[in-house]
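Q: quick one, fold the following:
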Amino acid sequence: APPGGNRVPQSDPRIENAKVGAWVWPVKGRLAGAFGKRGGKGINIEGSRGQRISAAHSGRVVYAGGGLIGYGELIIVKHNKRFLSAYAHNSVIFVKEGDLVNRGQRIAEMGSSGTDKVMLHFEIRRDGKPVNPLKYLPR
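A: Okay, here's the model as predicted:
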């Protein structure tokens, strides 16, 4: 890939073999779309423009940008071999591809990019398949 291209970082043993323990909510807000219903492949959490979005778990940023239609400004964090999380519709992104992020670290601000309301669309994927984030997030 050319320098500065959208190349996914090489594997990192700290990430590949990381244990995925407790997740944290990426943002406080009202649940507006349930997994498999209006939230589709994740959940929608309504809030206010500029509200802090945090990494739900530690990992490496493997995507940050606006190239996936329907997701607006999107961040994807790889947590280990099996788990990814995705954060869509951000107004501002504070991380770049390749960055290591810690659970609870600010990664973005809530916005409405790619949608008609201010919200975070949040997905957890296990082995590439969307899973219900409510099964992983604290009650």
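
Q: run the chain-centre distance for the longest strand seen in the chain.
A: Ordering each strand of the chain by length in residues (DSSP state E) puts strand 83-93 first. Distance, stretch centre to chain centre, for strand 83-93: 4 Å (C-alpha atoms, centre = their mean, to the nearest Å).

Q: just checking, next helix/strand downstream of it?
A: Using DSSP states H and E, the next helix or strand after strand 83-93 towards the C-terminus is strand 100-101.

Q: which helices and strands does that next one pack with?
A: Applying 3 or more C-beta pairs under 8 Å, 6 or more residues apart in numbering; DSSP states H and E, one finds that strand 100-101 makes contact with strand 59-65. C-beta coordinates here come from the backbone N, C-alpha and C atoms, glycine included.

Q: just the mean pLDDT for the helix or strand following the strand it packs on, thanks.
A: Using DSSP H and E, the helix or strand that follows strand 59-65 in sequence is strand 73-78. For strand 73-78, the mean per-residue pLDDT is 97.

Q: partners of strand 73-78 in the sheet?
A: Partner strands for strand 73-78, per DSSP bridges, with pairing direction: strand 59-65 (antiparallel), strand 83-93 (antiparallel).

Q: could these go into a markdown table alongside mean pLDDT, distance to Arg125 and mean neighbour count?
A: Formatted as a markdown table, those follow (pLDDT from 0 to 100; distance: least, C-beta to C-beta, whole Å; neighbours: other C-beta atoms under 10 Å):
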| stretch | mean pLDDT | distance to Arg125 | mean neighbour count |
| --- | --- | --- | --- |
| strand 59-65 | 97 | 12 | 20 |
| strand 83-93 | 97 | 5 | 21 |
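
Q: tell me which element Val27 falls in.
A: Assigned by DSSP H and E, Val27 falls outside every helix and strand.
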